[in-house]
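>>> Got a predicted structure plus its sequence, pasted below:
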Amino acid sequence: MSGDTKTGTGTTTGTTAGQRPVLEAVHVTKHFPVRSGLPRRGATRKVVHAVDDVSLSLYAGRITALVGESGSGKSTLARLLAQLYPLTSGEVRLHGEPVRAMRGRAFRDHVRKVQLILQDPFGSFNPVATIAGTLKRAVALHHPGKRGKDQAAVIDDLMTQINLVPPRQFTAKYPHELSGGQLQRISIARALAADPEVFLADEPVSSLDVSIRLGILNLLRRLTEERNAAMLYVTHDIASARYFATDTAVMYAGQVVESGPSEEVTQEAAHPYTQLLIASAPDPSRSGADRVRDIGQPPSLIDPPAGCRFHPRCPYAMERCATTAPEPFPLTAGHTVRCWLYADDPEARAKRAENTEAVARPAAPTA
Ligand SMILES: Nc1ncnc2c1ncn2[C@@H]1O[C@H](COP(=O)(O)OP(=O)(O)OP(=O)(O)O)[C@@H](O)[C@H]1O
């Protein structure tokens with residue numbers, strides 16, 4: 001999540017230096033109109049600020065986790081990257097070229113290269129079609145020259161890649177005859193039929209049994225590496241981001257508040273919101289971050305707070321946090337944070353020391 005292009009918090013990292021992003025969101029904003037009652041003459045139409053001025057880059061062979069609470073705008077950003085919604089402002093770029101088409105050949109080309117994998121595999125299959133029927137449609141769409149035996153060979157190959165063998169044992173079935181994990185593997189196979197350059201995986205394991213999540217994540221990682229594809233991994237679970245993703249971006253109330261190498265973002269979280277997410281994640285090995293207090297709820301995205309959107313919940317908020325949105329502060333190569341604690345002045349330094357002390361303090365022993 002970095003490189004020559006600005007990221008959500010914007011900077012350059014050594015690991016992607018010189019590498020061009022495959023897919024980028026550049027200052028992307030999406031506001032949804034709020035439909036309530038009859039429009040009144042002269043009234044300004046309200047909007048949901050789902051995504052506000054977010055920049056994010058995805059690189060070949062790298063997995064980028066997009067982490068945040070429910071409603072923070074993660075799925076909307078994934079859908080904007082997939083061109084499923086028109087942008088309010090900003091730009092989506094594929095290999096540096098702006099993508100504008102929402103229909104026609106350019107749109108089909110984008111959809112082929114950028115494949116979305118959704119949370120609920122049951123909802124994304126036609127219940128009255130066999131798996132073979134569903135995969136045939138995908139193969140016919142993306143490999144129109146393949147018919148008969150050649151088409152069947154492509155389907156067998158896709159099933160082998162997702163480790164559902166022997167293929168015919170699964171392809172003859174209907175969606176309801178398969179488990180959630182098997183169906184999620186088949187939705188990955190359907191995405192693979194397009195031979196994509198980017199996977200946008202929106203909570204790909206959160207609807208699945210905990211015992212099978214790791215297998216699906218490992219499959220996604222292997223496919224990303226083998227194909228040198230880029231992947232966006234949308235999740236609530238910051239612990240899985242550390243395990244699974246090279247880079248992590250943390251979203252709060254429609255904005256990216258911290259981004260960088262996953263190891264740093266999760267082990268040396270700088271933003272009080274990231275620290276809060278880590279403190280709320282179940283992890284028996286963690287100690288210090290448990291000291292971060294949660295003092296509220298996410299704000300309304302119809303009327304988001306001025307300044308830093310996290311300030312009403314932040315135990316370290318200063319006066320400026322309520323009035324002025326922080327710019328990105330670079331911490332290390334590729335690790336940046338949008339938080340006034342990282343300004344270079346006495347008040348910010350004192351508050352930062354308070355935060356560092358709270359995070360480092362060992363957790364109270366549990367009875
Ligand atoms: N089509 C839409 N029309 C109006 N508002 C929408 C639409 N899609 C999303 N929103 C609103 O935009 C905000 C961000 O939603 P989004 O689904 O992107 O968040 P999220 O972080 O993915 O949440 P979750 O993890 O629960 O899926 C929410 O307030 C949501 O209600």
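Now that the structure is in, tell me what you want to look at.

>>> and this structure, which of its residues are near the ligand?
Within the chain, the positions lying close to the ligand (C-beta under 6 Å from any ligand atom) are 32, 48, 50, 68, 70-76, 236, 301. Using the backbone N, CA and C atoms, a C-beta is placed for each residue, glycine as well.

>>> Can you flag the buried ones in those residues?
Burial by neighbour count, judged by 16 or more other C-beta atoms under 10 Å, picks out 32, 48, 50, 68, 71-76, 236, 301 from those.

>>> mind listing which of the residues of the chain next to the ligand are in helices?
Among the residues of the chain next to the ligand, the members falling in helices are 74-76 (criterion: DSSP state H).

>>> Mind putting those residues into TSV with pLDDT?
Shown next, in TSV, are those (pLDDT from 0 to 100):
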residue	pLDDT
74	96
75	96
76	97
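
>>> quick one: the helix or strand of the chain with the lowest mean pLDDT to chain centroid distance?
The weakest-scoring helix or strand in the chain, judged by mean pLDDT, DSSP states H and E, is helix 104-113 (a mean of 84). Relative to the chain's own centre, helix 104-113 is displaced by 21 Å; criterion: C-alpha atoms, centre = their mean, to the nearest Å.

>>> and if you look at stretch 240-260?
Distance of stretch 240-260 from its chain centroid, counting by C-alpha atoms, centre = their mean, is 7 Å.

>>> mind listing what the closest residue to the ligand within the stretch 251-367 of the chain touches?
Scanning the stretch 251-367 of the chain for the residue nearest the ligand gives residue 301, at 4.6 Å (criterion: C-beta to the nearest ligand atom). By C-beta atoms under 8 Å, 6 or more residues apart in numbering, residue 301 lies in contact with 48-50, 71, 73, 253-254.

>>> For the ligand, state which of the residues you listed is nearest.
Ranking the contacts of residue 301 by separation from the ligand, with C-beta to the nearest ligand atom as the measure, puts residue 50 on top at 3.3 Å.

>>> still on that earlier bit, which members of the contacts of residue 301 occur in strands, if any?
Members of the contacts of residue 301 lying in strands (criterion: DSSP state E): 48-50.

>>> Give me the below-cutoff pLDDT ranges for the stretch 51-200 of the chain.
Low-confidence segments of the stretch 51-200 of the chain, defined by pLDDT under 70, are absent.

>>> Report the buried residues of the longest helix along the chain.
Assignment by DSSP H gives helix 210-227 as the longest helix of the chain. When burial is assessed from 16+ other C-beta under 10 Å, helix 210-227 yields the following buried residues: 212-213, 216-217, 219-221, 223-224, 227.

>>> So which of these is the closest to the ligand?
Top of the list for closeness to the ligand, among these and by C-beta to the nearest ligand atom, is residue 213 at 16.2 Å.

>>> Relative to residue 78, how far out is the closest one?
Distance from residue 213 to residue 78, counting by C-beta to C-beta, to the nearest Å: 19 Å.

>>> same thing with residue 334?
The span separating residue 334 from residue 78 equals 22 Å under the rule C-beta to C-beta.

>>> Identify all contacting residues around stretch 208-223.
Here stretch 208-223 makes contact (C-beta under 8 Å, 6+ apart) with 63, 117, 161-163, 179-181, 184-185, 188, 192, 199, 201, 204-205, 229, 231, 233, 240, 243-244.

>>> Note down every partner strand of the helix or strand that contains residue 116 and its orientation.
Remark: residue 116 resides in strand 114-117, with elements defined by DSSP states H and E. In the sheet containing strand 114-117, its partner strands are strand 198-202 (parallel), by DSSP bridges.

>>> How about the partner strand, which residues are buried there?
Of the residues in strand 198-202, those scored as buried under the neighbour-count criterion (16+ other C-beta under 10 Å) are 198-202.

>>> Can you show me the helices along the stretch 51-200 of the chain?
Assigned helices in the stretch 51-200 of the chain, in chain order: 74-81, 104-113, 131-142, 148-161, 167-171, 180-192 (criterion: DSSP state H, counting those that start in this stretch).
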